[in-house]
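> Sequence and predicted structure are below.
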Amino acid sequence: MITRVILAIAIALFFMPATLLFSQEHPEHPTKGGAEHAKKGGTEKQVSTADISAGIKQNIEAETKKGSDRKFHVKHEGQDLALDLIRVHDDRLQDLGGGKYFACVDMKGTDGKTYDIDFFLTGQPGKMKVTETSVHKIDGKPLYNWKEESGKWNKVPAS
């Protein structure tokens, strides 16, 4: 009997890190096909990475059309960066659950630098809105990294 209890505890402890990995709010390295079901009004709606990609592209396009310079603008360290979309990292799109999504894009600044921008979105396909935008890398050099703490991903300074 004691052997069974010890074996059951050992197996549970073995699988615990995997359970924590799949319950995180922000993946350090999002994987393709990571879309989950988001509940809305008691029904489940499948949100694909293609939906997330379309959502971020629609947002960037809409914001670009608003400005007279036809650029996407992001505030970074007190500066207004005027950017053009290079590509959406389709391999890093992620459904975070609860109608929240993550997208990462490369953009070219008018200063000639390449900016890696992290976006968080909410909503359903066709109606996604950006809730947070931050400059993650400049010319490939990270400004911050992601670290998991108590099941939640937080930004930490790049070392």
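Right, received. Where do you want to start? Residues are numbered from 1 along each chain as shown.
> tell me which helix or strand of this structure sits lowest on mean pLDDT?
strand 37-40 (a mean of 38; mean pLDDT, DSSP states H and E).
> what about the strands in this structure?
With DSSP state E as the criterion, the chain has strands at 37-40, 43-46, 72-76, 79-88, 94-97, 100-109, 114-122, 129-138, 141-142, 144-149, 152-157.
> What is the last one packed up against?
Taking 3 or more C-beta pairs under 8 Å, 6 or more residues apart in numbering; DSSP states H and E as contact, the helices and strands that strand 152-157 lies on are strand 144-149. Yep, even glycine has a C-beta here, placed from its N, CA and C like the rest.
> middle-most residue in the protein, spatially?
What sits nearest the mean C-alpha location of the chain, by C-alpha atoms, centre = their mean, is Phe102, with 2.2 Å.
> The nearest residue to it once chain neighbours are set aside: neighbour count?
Distances taken as C-beta to C-beta, 6 or more residues apart in numbering place Gln94 nearest to Phe102, at 4.3 Å, with adjacent residues excluded. Burial of Gln94 is recorded as 25 neighbouring residues (other C-beta atoms under 10 Å).
> i'd like the first residue to be 602 from this point on
Will do, 602 is the new start, and the previous item becomes Gln695.
> so how far is Asp685 from Gln695?
From Gln695 across to Asp685, the span is 24 Å (C-beta to C-beta, to the nearest Å).
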